[in-house]
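# Test case, fold it:
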Amino acid sequence: MKGTKLYSIIKGKCPVCHTGNLYTSKNPYSFSSTLKMPERCPHCDTKFKIEPSFFYGSMYVSYAVGVAIAVATFVIAFFLLDLGRLNTFLAIAGVQIVLLPVILRLSRNIWINLFFKYDSEKAA
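Numbering: from 1, shown residues only. Okay, here's the model as predicted:
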């Protein structure tokens, strides 16, 4: 799967070489370092922040990812588990809160992969 954008997005790897890590900590629930990234890829030296405030665009991706997770939670809670409206709402809110660090990282991974392409020469 290495060499695909999906690999970089899911694994949190550099979008150019798919070797270097995008984040300084692998654990998204380490709250002090959830979004801390190195300035450049340790393997291929790609600069992650193309311009100041580059990752503000990931907020829009984060909204879409959050809505997708909320819809999935709704379908599971309301239709499969047959919970009432209030319990379904609480389930959606709980899942959103618990998955917030994962959603933040996933949206950044998607955003940066929109602007970079995999380069097999830099990967070697």
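
# Only alpha carbons, please: show the strand or helix carrying Ser107 as PDB.
When secondary structure is defined by DSSP states H and E, Ser107 falls within helix 100-113. Extracted C-alpha coordinates of helix 100-113, given in PDB (Å, rounded to 0.1, in the frame of the first residue of the first chain):
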ATOM      1  CA  LEU A 100     -11.300  14.800  18.500                       C
ATOM      2  CA  PRO A 101      -7.500  14.200  18.400                       C
ATOM      3  CA  VAL A 102      -7.800  11.600  15.700                       C
ATOM      4  CA  ILE A 103     -10.100  13.800  13.600                       C
ATOM      5  CA  LEU A 104      -7.600  16.700  13.900                       C
ATOM      6  CA  ARG A 105      -4.700  14.600  12.800                       C
ATOM      7  CA  LEU A 106      -6.600  12.900  10.000                       C
ATOM      8  CA  SER A 107      -7.800  16.200   8.600                       C
ATOM      9  CA  ARG A 108      -4.200  17.500   8.600                       C
ATOM     10  CA  ASN A 109      -3.000  14.300   6.900                       C
ATOM     11  CA  ILE A 110      -5.700  14.700   4.200                       C
ATOM     12  CA  TRP A 111      -5.000  18.400   3.700                       C
ATOM     13  CA  ILE A 112      -1.200  18.000   3.300                       C
ATOM     14  CA  ASN A 113      -1.700  15.100   0.900                       C
END
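
# after that helix comes which helix or strand?
helix 120-123.

# by contact count, what packs against the longest helix seen in the chain?
In the chain, assigned by DSSP state H, the helix with the most residues is helix 58-74. The contact analysis (3 or more CB pairs under 8 Å, 6 or more residues apart in numbering; DSSP states H and E) places helix 58-74 against helix 85-98, helix 100-113. (C-beta placed from N, C-alpha, C; glycine too.)

# so how far is the last one off the chain centroid?
When C-alpha coordinates are averaged (CA atoms, centre = their mean, to the nearest Å), helix 100-113 and its chain have centres 2 Å apart.

# Run through who's touching it.
5, 8-10, 12, 15, 22-23, 28-29, 31, 34-35, 48, 55, 57-59, 61-62, 65-66, 69, 96 (CB atoms under 8 Å, 6 or more residues apart in numbering).
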